[in-house]
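> okay, here's the prediction I keep looking at, along with the sequence it came from:
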Amino acid sequence: MQNLRRTQFLVLAFTVAALLPFLNRAFHVDDPLFIWIARQIVKHPSDPYGFNLNWVSFTQPMSIVMQNPPLCSYYIAAIAIVSGWSERSLHLAFLVWAVLSVLGTFAIARRFCRRPLYATLLTLFTPAFLVSATSVMCDVMMLAFWVWTLEFWLAGLDRQQSWRFLVSALLISAAALTKYFGITLVPLLAVYTLARTRRFVLPLVFLLIPIAVLSNYDFFTEQKYGHGLFSAATTVSSAISSVTRPSHLAQLLIGLAFTGGCFFSAIFFWPLFEKRLFLLAATLTTAFTVAFKFFIVSWVYLETSEAVVSLQGGLFATIGTIFLVLAIFDLIQHKNTDSLLLLLWIFGTFFFATFFNWSITARTLLPMTPAVVILTIRQFEWQNAGHFPRWRILPAAILSLVIVSADYQQANCGRTASHFFEQRYRNESHTTWFQGHWGFQYYMEQWGAKAFDRKNPRLEHREMIVGPFSDVTPIPVSAGEVLSHDEWKFRRLPYVSTSALGSGASFYTSFGGPLPWVVNKIPPERYYSLQLR
């Protein structure tokens, strides 16, 4: 027991040490949505979505803009009442969910492999987890509920204790009210339980609890907002993906590339110099590189070498494919329900993220992180029964820390640009309009700038318009209407990026690029300012 506590403390210490340097990260991507809902909750606790927002260049009800349930925002509201709305206080509060996620991973890994500490540390040091853990979005919070759901359910089956099934069912409910994908734990655990017990058992009845909770939530929101928010989220996701999705082959290639990139650090526990694996990987990488070139890179907007993006896409897709093959191989090798659980966990998440979500994102693949890493360590232990080189965790950690540092600087560009424009234009008598959202919108609105509304344009003499060049829908202003214009550049990490227009990297949505991160020449972030005649 003492050794267990010592190991758990070590896991906690590594998690805190890895994330503390990023507590001042600017709010980024969808962070503002969760924060604005939390502010609404402070004022109107029973009406989290009861306000309008200009998020996509025109004003909509938040109940349409937001496609996630509100539990994460309730948590933010509770924290903010006590410690305020600053970046440091909220990121520190979300460090709790990162710690719970890695501790839960450790608890599960003890069931599947002999070296759970390394499975846990490798989970921490994957790009998907470490980058996601620096946000105040719902993803890592949901992952914490996910892994502890599994631990309580498996412990319930082992010990036949009904209270553990009840706790697990309540955790599924919390996961589903944090992010709708959490409800997929119900079929996952149902199939696993039936495969393990070979009959219907009473604990399966507990799985009706989260179904009832989500159904009642959908009914309540339909009464409140005119449409059930869970039902609407599934409809909107299908509608967007049906319009924007490329061919099934291209979608599969991007899904494999995101999988390989998100969990890239796990390859340091592969037998990289084993001849057969090396030849297989080289062959697959060559084939996927060619496929990336002709089926994806040909229609993606790039400002850099197509060959570089194609090669990284081919490498990432190879790694993603090997992860899926390992899950199948593990089931064939062990022929038990533990292997079945890992396979269903990985394949279910992969297919949802690749073919059913509104776009492919690293955040959607995040729930499979523990399963991928546990599978990797299981295979490494099987091939290296008497030898376990601990140093391999070091390059995994360095790689992921570099990637999260790139994301950190990218996020901070929006805040830096906003502060720059504030110093130049806040005291002007005219209105400053802006385009672009994510964190840039959050910080611009803090000092009084207004988001441009395409459905209600009100541009007048000598007013300013500012925004990032990366915005794909610029304001239609003719050259004759412009009195003056300037361009500004803000530095970010020069050779690694998770989100840079034209680089091929787009960690948060495949709409911006087919890879979650890239090693490439990354130009500075560019912003413009225009003054109207």
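Yep, that arrived. Residues are numbered from 1 along each chain as shown.
> looking at this protein, which helix or strand does the model trust least?
Ranked by mean pLDDT, DSSP states H and E, the weakest helix or strand in the chain is helix 229-244, scoring a mean of 73.
> Trp438 versus Ala411, what's the distance?
8 Å (Cβ to Cβ, to the nearest Å). For every residue, glycine as well, the C-beta is placed using N, CA and C.
> one step back: helix or strand next in line after the least confident helix or strand of the chain, which one?
Once helix 229-244 ends, the next helix or strand along the chain (criterion: DSSP states H and E) is helix 248-262.
> for that next one, buried residues please.
Within helix 248-262, the residues that count as buried by 16 or more other Cβ atoms under 10 Å are 250-262.
> with stretch 425-432 instead?
The neighbour-count check on stretch 425-432 (16+ other Cβ under 10 Å) flags Tyr425, Thr431, Thr432 as buried.
> who's in contact with it?
With contact meaning Cβ atoms under 8 Å, 6 or more residues apart in numbering, stretch 425-432 is reached by Phe421, Trp447, Gly448, Ala449, Lys450, Glu460, Arg462, Glu463, Met464, Ile465, Val466, Ser529.
> so the last one, which of the three states?
Per DSSP: H, G, I helix; E, B strand; the rest coil, the secondary structure class of Ser529 is strand.
> element containing the one residue sitting closest to the centre of the chain?
By Cα atoms, centre = their mean, the chain has its centre lying nearest to Arg363, at 1.8 Å. Assessed by DSSP H and E, Arg363 sits inside helix 362-365.
> report all helices and strands that that helix contacts.
Using 3 or more Cβ pairs under 8 Å, 6 or more residues apart in numbering; DSSP states H and E, the elements in contact with helix 362-365 are helix 127-132, helix 248-262, helix 337-351.
> next SSE after the shortest one?
What that stands for is helix 127-132. Following helix 127-132 in sequence order, the next helix or strand is helix 139-159 (DSSP H and E).
> any idea how far that following helix is from the chain center?
In terms of Cα atoms, centre = their mean, to the nearest Å, the centre of helix 139-159 is found 19 Å from the chain centre.
> quick one: work out the angle between that helix and helix 337-351.
Helix 139-159 runs at 160 degrees relative to helix 337-351, counting by axes from the mean of the first three to the mean of the last three Cα atoms, to 10 degrees.
> export the contacts of stretch 425-432 to JSON lines and tack on pLDDT, distance to Ala80 and secondary structure?
JSON lines is the format used below for those (pLDDT from 0 to 100; distance: Cβ to Cβ, whole Å; DSSP: H, G, I helix; E, B strand; the rest coil):
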{"residue": "Phe421", "pLDDT": "92", "distance to Ala80": "26", "secondary structure": "helix"}
{"residue": "Trp447", "pLDDT": "92", "distance to Ala80": "20", "secondary structure": "coil"}
{"residue": "Gly448", "pLDDT": "90", "distance to Ala80": "21", "secondary structure": "coil"}
{"residue": "Ala449", "pLDDT": "92", "distance to Ala80": "23", "secondary structure": "coil"}
{"residue": "Lys450", "pLDDT": "91", "distance to Ala80": "24", "secondary structure": "strand"}
{"residue": "Glu460", "pLDDT": "77", "distance to Ala80": "36", "secondary structure": "coil"}
{"residue": "Arg462", "pLDDT": "78", "distance to Ala80": "38", "secondary structure": "coil"}
{"residue": "Glu463", "pLDDT": "83", "distance to Ala80": "33", "secondary structure": "coil"}
{"residue": "Met464", "pLDDT": "85", "distance to Ala80": "31", "secondary structure": "strand"}
{"residue": "Ile465", "pLDDT": "88", "distance to Ala80": "32", "secondary structure": "strand"}
{"residue": "Val466", "pLDDT": "90", "distance to Ala80": "28", "secondary structure": "strand"}
{"residue": "Ser529", "pLDDT": "88", "distance to Ala80": "32", "secondary structure": "strand"}
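> which of the residues you listed are buried?
Buried members of those, counted by 16+ other Cβ under 10 Å: Phe421, Ala449, Glu463, Met464, Ile465, Val466, Ser529.
> looking at the residues you listed, spot the one nearest Ala291.
Set against Ala291, the nearest of the buried ones among the contacts of stretch 425-432 by Cβ to Cβ is Val466 (40.2 Å).
> the residue nearest to that closest one when sequence neighbours are not counted pairs with what?
Closest residue to Val466 apart from its sequence neighbours, by Cβ to Cβ, 6 or more residues apart in numbering: Ser529 at 4.6 Å. Beta-bridge pairing of Ser529 under DSSP bridges involves Val466, Asp486.
> what's the helix or strand for Gln60?
Element membership for Gln60 (DSSP H and E) is strand 59-61.
> can you list the strands that that strand pairs with?
By DSSP bridges, strand 59-61 pairs with strand 52-54 (antiparallel).
> and the partner strand, which residues are buried?
For strand 52-54, a neighbour-count test (16+ other Cβ under 10 Å) marks Leu53, Asn54 as buried.
> how far off centre is it?
That offset, for strand 52-54, works out to 23 Å (Cα atoms, centre = their mean).
> contact partners of it?
Strand 52-54 is touched from outside by Leu33, Trp36, Thr59, Gln60, Pro61, Met62, Val65, Ala451, Asp453, with contacts defined as Cβ under 8 Å, 6+ apart.
> SS state for Ala26?
Under three-state DSSP, Ala26 comes out as coil.
> ok, now which ones touch the residue lying closest to it once chain neighbours are set aside?
In space, and not counting its chain neighbours, Ala26 is closest to Arg415: 3.7 Å by Cβ to Cβ, 6+ apart. Counting by Cβ under 8 Å, 6+ apart, Arg415 makes contact with Ala26, Phe27, Gly439, Phe440, Tyr443.
> how near is Arg415 to Trp438?
According to Cβ to Cβ, Arg415 and Trp438 sit 11 Å apart.
> on that earlier part again, I'd like the helices and strands packed on helix 362-365 as a markdown table, with distance to Leu20 appended.
Shown next, in a markdown table, are those (distance: least, Cβ to Cβ, whole Å):
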| stretch | distance to Leu20 |
| --- | --- |
| helix 127-132 | 12 |
| helix 248-262 | 23 |
| helix 337-351 | 29 |
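> out of the ones you listed, the one nearest Ile403 is which?
helix 127-132 (4.7 Å).
> for Ile403, what are its contacts?
Ile403 neighbours (Cβ under 8 Å, 6+ apart): Pro127, Leu130, Val131, Val496, Thr498, Trp517.
> can you rerun that using 10 Å?
Going by Cβ atoms under 10 Å, 6 or more residues apart in numbering, Ile403 touches 126-128, 130-131, 261, 264-265, 493, 496-498, 505, 507, 516-519.
> what about it, helix or strand, and which?
Assigned by DSSP H and E, Ile403 falls within helix 393-425.
> chain center to that helix, what's the gap?
With Cα atoms, centre = their mean, you get 16 Å for helix 393-425.
> next one: stretch 159-178
Distance of stretch 159-178 from the chain centroid (Cα atoms, centre = their mean) equals 24 Å.
> buried by neighbour count: which residues of it qualify?
For stretch 159-178, burial by neighbour count (16+ other Cβ under 10 Å) applies to 164-165, 167-178.
> got a pLDDT number for Glu303?
pLDDT for Glu303: 81.
> please list all residues in contact with the residue nearest to it when sequence neighbours are not counted.
Spatial nearest neighbour of Glu303, excluding adjacent residues (Cβ to Cβ, 6+ apart): Gly502 at 3.0 Å. When contacts are counted by Cβ under 10 Å, 6+ apart, Gly502 is found next to 300-304, 309, 469-470, 512-513, 520, 522-523.
> ok, now with 8 Å
Neighbours of Gly502 in contact, by Cβ under 8 Å, 6+ apart: Tyr301, Leu302, Glu303, Thr304.
> so the closest residue to the first one other than its chain neighbours, which of the three states?
Spelled out, that is Tyr301. Leaving out its chain neighbours, the residue that sits closest to Tyr301 by Cβ to Cβ, 6+ apart is Gly502, at 6.0 Å. Here Gly502 is recorded as coil under three-state DSSP.
> how close does Gly502 sit to Gly512?
Counting by Cβ to Cβ, the separation of Gly502 from Gly512 is 9 Å.
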